[in-house]
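Asks: Coordinates for the following, if possible.
(one chain, ligands or ions: 1)
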Amino acid sequence: MGFVSLGLNQALINTVQKLEYNEPTPIQLAAIPAVLNKQDVMARAQTGTGKTAAFALPIIHQLCAQAGVADDTKNTFLKALVLTPTRELAQQVSSSFKKYAIGSGLKTVIAYGGVSIKLQVDALQDGADILVATPGRLIDLMFKGVVDLKQLQVIVLDEADRMLDMGFITDIKRILKHLPVERQTLLFSATFDDEIFKLSKSLLKNPCLIEVDEKNTAAVDVKQLVYNVDEDRKRELVSYLIGSKNWQQVLIFTRTKAGADDLAREMCKDGLKTSAIHGDKSQGARERALQEFKDGDVRVLVATDVAARGLDIESLEYVINYELPFIAEDYIHRIGRTGRAGGSGLAISLLSPSENYLLEEVEAVLGERLAQQWLEGFEPDLTKTAAPTRKNTRSAQARRQKDRAFGKKTGNSRRKK
Ligand code: AMP
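Replies: Numbers count the residues shown, from 1 in each chain. Purely as a prediction, here's the structure:
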């Protein structure tokens, strides 16, 4: 079934055709009619499934159907608001709106922290129909009195699970207080768990529940490999893989910002042009690094999980988990960077002996075991891991490191409570 049958206006049909979206993706097939029908929606969809168009296209359709949009008068009242957890996702969503709304007269403004607020204030005062924002910066703008949500018709919470993980719940609740009661609410989340359902109960009215694939399944068409390797040989192995196989665009995940910087520095020494992207980098530096990576000027991008959210890099073939994530669900987001929109991909995880328990958590989320293998020349030194004492196994050390990373909550992530 093509886009034509979904009820979108002709301009949007022409736009998606120009973008060579031949068929709606499953999330688009399910969500677009529901949004057009003015229903609240609760949808589970990973990034890479076409979820942005699933809400952006019907929102644009609805706004265009209203009188007065295409004239030149300033729209001082926002009509649609999209909340995202990260700046990168905000940028991606906002550029999607601009791309889809081309020629409609609708104005999309973006607002996120870490950059001067002045330009965002000016843009909003100039009039906007759609605002894509991170929660903290939106609250700053509301304080300044430049955001009027009284006539808001639709709010989207994009990657709601991530917003909860990042502690945005208080900000979200504050924002919601300023929204009209009569509105449409769309909640998109890569994962569904008790906390998401709790949030949805307070937010959504008789939502249309959409789950387009198996619970927490990894993106299809992504081949997953796990290489056992000693911690101190991981960097060498990564450089070897990229160099010997002549991979040109590789995204590598580390758990920490310092780890990302260290690895990028060492990879450069290995002759591979590498940049790091994480929360401590200025917005300008992150954008530059991403652009250079997209343009092929930088061959390897090392990213932390938070920074990588929202990255949309077309035809990314290779993702390497230099370290497995502490939150098992992040594994799915990571490997979702590859094999996007129908393409195939390869996701490689480097597993040191101390990370075995993290792999078990990933496997529990995936619902499948991942075969482990050794790469010739990089076999782990088993004598190093022999006869660990019960209290001081490397695994126990790693668990303690994870506990520290999550404050006093021992062991498990939010989802494991
Ligand atoms: P998203 O899941 O929103 O991050 O989208 C992932 C990628 O899929 C983006 O590059 C979109 O441009 C692309 N995309 C969205 N919908 C379609 C479609 N129906 N056909 C082909 N590509 C699409």
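
Asks: going forward, measure contacts and count neighbours with C-alpha atoms only.
Replies: Noted.

Asks: is it true that residue 79 touches residue 154?
Replies: Yes. Between residue 79 and residue 154 a contact is recorded at 6.7 Å, counting by C-alpha atoms under 8 Å.

Asks: more crowded one of the two?
Replies: residue 154 (24 against 21; other C-alpha atoms under 10 Å).

Asks: Quick check: residues of the stretch 51-200 of the chain near the ligand?
Replies: For the stretch 51-200 of the chain, the contact set with the ligand under C-alpha under 6 Å from any ligand atom comprises 51, 52, 53.

Asks: My read is that the last one contacts residue 95, right?
Replies: No. With contacts defined as C-alpha under 8 Å, residue 53 does not count as touching residue 95, sitting 11.1 Å away.

Asks: Looking at the two, which is more packed in?
Replies: More crowded of residue 53 and residue 95, by other C-alpha under 10 Å: residue 53, with 22 against 16.

Asks: quick one: contacts for the more buried one?
Replies: By C-alpha atoms under 8 Å, 6 or more residues apart in numbering, the contact set of residue 53 is 28, 96.

Asks: which element is it on?
Replies: helix 51-64 (DSSP states H and E).

Asks: What of residue 46?
Replies: Short version: residue 46 belongs to no helix or strand, going by DSSP H and E.

Asks: Would you quantify the distance from the nearest residue to it once chain neighbours are set aside to the ligand?
Replies: Take residue 46 and drop its neighbours on the chain: the residue closest to it by C-alpha to C-alpha, 6 or more residues apart in numbering is residue 190, 4.5 Å away. Residue 190 is 10 Å from the ligand, where distance means C-alpha to the nearest ligand atom, to the nearest Å.

Asks: Distance check, residue 190 against residue 365.
Replies: Per C-alpha to C-alpha, to the nearest Å, residue 190 is found 13 Å from residue 365.

Asks: Ok, residue 212 next?
Replies: 17 Å.

Asks: can you check residue 56 too?
Replies: Residue 56 is 29 Å from residue 365, by C-alpha to C-alpha.

Asks: Where do the strands of the chain begin and end?
Replies: 41-44, 80-83, 108-111, 130-133, 154-157, 184-189, 208-211, 222-228, 250-253, 274-277, 300-303, 318-321, 345-351, 372-373 (DSSP state E).

Asks: Which strands and helices lie in contact with the last one?
Replies: Helices and strands touching strand 372-373, by 3 or more C-alpha pairs under 8 Å, 6 or more residues apart in numbering; DSSP states H and E, are strand 222-228.

Asks: So which other helices or strands are in contact with the strand it packs on?
Replies: Checking 3+ C-alpha pairs under 8 Å, 6+ apart, strand 222-228 ends up next to strand 345-351, strand 372-373.

Asks: And the last one, how far out from the chain middle?
Replies: It refers to strand 372-373. Centroid separation for strand 372-373 versus its chain: 28 Å, with C-alpha atoms, centre = their mean, to the nearest Å.

Asks: quick one: average pLDDT of that strand?
Replies: Strand 372-373 carries an average pLDDT of 90.

Asks: partner strands of it, parallel or antiparallel?
Replies: Note on strand 372-373: by DSSP bridges, its sheet partners are strand 222-228 (parallel).

Asks: got the angle between the partner strand and strand 345-351?
Replies: Interaxial angle, strand 222-228 versus strand 345-351 (axes from the mean of the first three to the mean of the last three C-alpha atoms, to 10 degrees): 20 degrees.

Asks: mind giving me the domain ranges of the protein?
Replies: The record's domain parsing of the chain by automatic domain parsing lists 3-211, 222-405.

Asks: distance between the ends of the first one?
Replies: Start-to-end span of domain 3-211 (C-alpha to C-alpha) is 20 Å.

Asks: Excluding residues flanking it in the chain, which one is nearest residue 108?
Replies: residue 130 (4.6 Å).

Asks: actually residue 192, not the one I wrote
Replies: residue 44 (6.7 Å).

Asks: I'd guessed the one you found sits against residue 196; true?
Replies: No. Residue 44 is not in contact with residue 196 according to C-alpha under 8 Å; the separation is 10.4 Å.

Asks: Compare neighbour counts for those two and give me the winner.
Replies: residue 44 (25 against 18).

Asks: and the gap between the more buried one and the ligand?
Replies: From residue 44 to the ligand the distance is 11 Å (C-alpha to the nearest ligand atom).

Asks: hey, what's that residue bridged with?
Replies: What pairs with residue 44, by the bridge criterion (DSSP bridges), is residue 189, residue 211.

Asks: Skipping its backbone neighbours, what lies nearest residue 277 in space?
Replies: residue 303 (4.9 Å).

Asks: if I pick the one you found, what's in contact with it?
Replies: Contacts of residue 303 (C-alpha under 8 Å, 6+ apart): 251, 252, 253, 254, 257, 260, 276, 277, 278.

Asks: What is the nearest of those residues to residue 338?
Replies: residue 251 (9.0 Å; C-alpha to C-alpha).

Asks: where's the closest one relative to residue 240, distance?
Replies: Counting by C-alpha to C-alpha, the gap from residue 251 to residue 240 is 15 Å.
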